[in-house]
Every structure is written in C-alpha cells, then in structure tokens.
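Chemist: my questions concern the predicted model and sequence given below.
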Amino acid sequence: MSTLNILGYIGDIAFVIVGIAAAKKIGLRPFWQLLSGMSTAFFGGIFLRDLGLLRTSPAIFGSPLELAATAAVGVVAIAVLRNCNGTGVLAKILNALLCAIDSSGVAGFAAFGYGRGMQAGADWQIALACAFVTACGGGVIAAVIRAVAARDWRHLTKTLAGNRFYFLLCAFASAMCGAWYSDGYGDNFLIALAVVVVVGGFIVEIEKSKK
C-alpha cells in the first residue's frame, strides 16, 4: 500500500469524524451527523472535483468497500461521541489526535485530487483546483448541509469565517502536491508535506482556541 493511499484512508477516517463532531456540536440528530461526516469525507471529490471540474464518473464509486468502511467508522464515532462532553484531558488528547490525522488527510486528499485531475487529462490549473476542492470542498458542502438541517445560516458563515486559515493551509498543500506530482518526487516528499501540514493544522487550531 502506497503512502498516498495510507494518507487518503487517514483522511477518510478523520474527515468523517470531524464532520460528525461539527454536527453534534450544534445539536443535530445522528442521521444529520452521519451525513455531515460522509459529505466532509467524499462530497468535495464527488460533486466539485469529478462531476464539476472533470465531468467524469466519481472515483469513489469504484471503491464501495472504502465507502462502507468510512460509514462504519462514522456510526462508531456517533456512538462514542454521544457520551463525550468535550471537556477534560481525554477530550483534549482526542482533539489533538484528530487534528493530526485530519491535517495529514488534507495532504493525502490534495495529492489524490491533483493526480486525479492530471490523469483525466486536465491542465495543471484545473488539477490544482481539483486538489483544493478534494482537500476542503467536502467540508464546505457539509457546512451547508448542517446549516440547512439546523435552519440557521449563521452556522455556515461562522464555519467559513472560522476556517479561513485552514483554507489557506489547503491551498498550500494543493500547490505542494502539484510540485510533488509534476516533478516526480517520491514518498519522502509527501510524508514531509504531511508533517508540515500537521504542524500548520496545530497552529491554526491554537489560533482558533484563542478567540
């Protein structure tokens, strides 16, 4: 299994949990929590990258086991988070771990998105856009879904404003993944990028916690 695949699977797990946690935070029911998680993980790639930019069949439809496994992780996460009050040492450790795997998943998703664009015969500019929407587009769609479910669009504006530096991090990861793909760098470059993005993710979270 390649480093890219490992980072992608890490991203699946992290993104579905992040989406579920965000929905739980505003009091949404389990159905909406799972939909928020799955959309965070996959809807950027399905709707924005494959159907929108590349106008091709969604790549994830060729991996039903990955979809099912991610959904199963989501169901377990809903059950676990139901009894988690978000405070205490354990919660802080969980948040730190989630931040680390979420950020490494960004690197993997961006790399996969760029490669998907190039393999489809797109120009590098379109491939770069594919990388960006794969890394963070699902989170935006999930924020819209949560706002609709909560019937409160303030949740959407708050999410977008609160994650503006995260979007910059995704843009950086996308650009670096373009260099990784185009110049033929190996796994070491991708691992180093993941480490840099993880550090950046922690910095973003620290800045957000100060507000």
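Modeler: That came through fine.

Chemist: tally of neighbours for residue 207?
Modeler: Using other CB atoms under 10 Å, residue 207 has 10 other residues around it. No exception for glycine: its C-beta is placed from N, CA and C like everyone else's.

Chemist: state the helix or strand in which the closest residue to it other than its chain neighbours lies.
Modeler: Nearest residue to residue 207 in three dimensions, chain neighbours excluded: residue 165, at 6.7 Å (CB to CB, 6 or more residues apart in numbering). Using DSSP states H and E, residue 165 falls within helix 164-182.

Chemist: which strands and helices lie in contact with that helix?
Modeler: If contacts are counted by 3 or more CB pairs under 8 Å, 6 or more residues apart in numbering; DSSP states H and E, helix 164-182 sits against helix 88-119, helix 124-150, helix 187-209.

Chemist: most neighbours per residue, which of these?
Modeler: helix 124-150 (a mean of 23; mean count of other CB atoms under 10 Å).

Chemist: quick one: low-confidence parts of this protein?
Modeler: Within the chain, the ranges that satisfy pLDDT under 70 run 1, 85-87, 210-211.

Chemist: most distant residue from the centre of it?
Modeler: Within the chain, the residue lying farthest from the chain centre (CA atoms, centre = their mean) is residue 88, at 25.6 Å.
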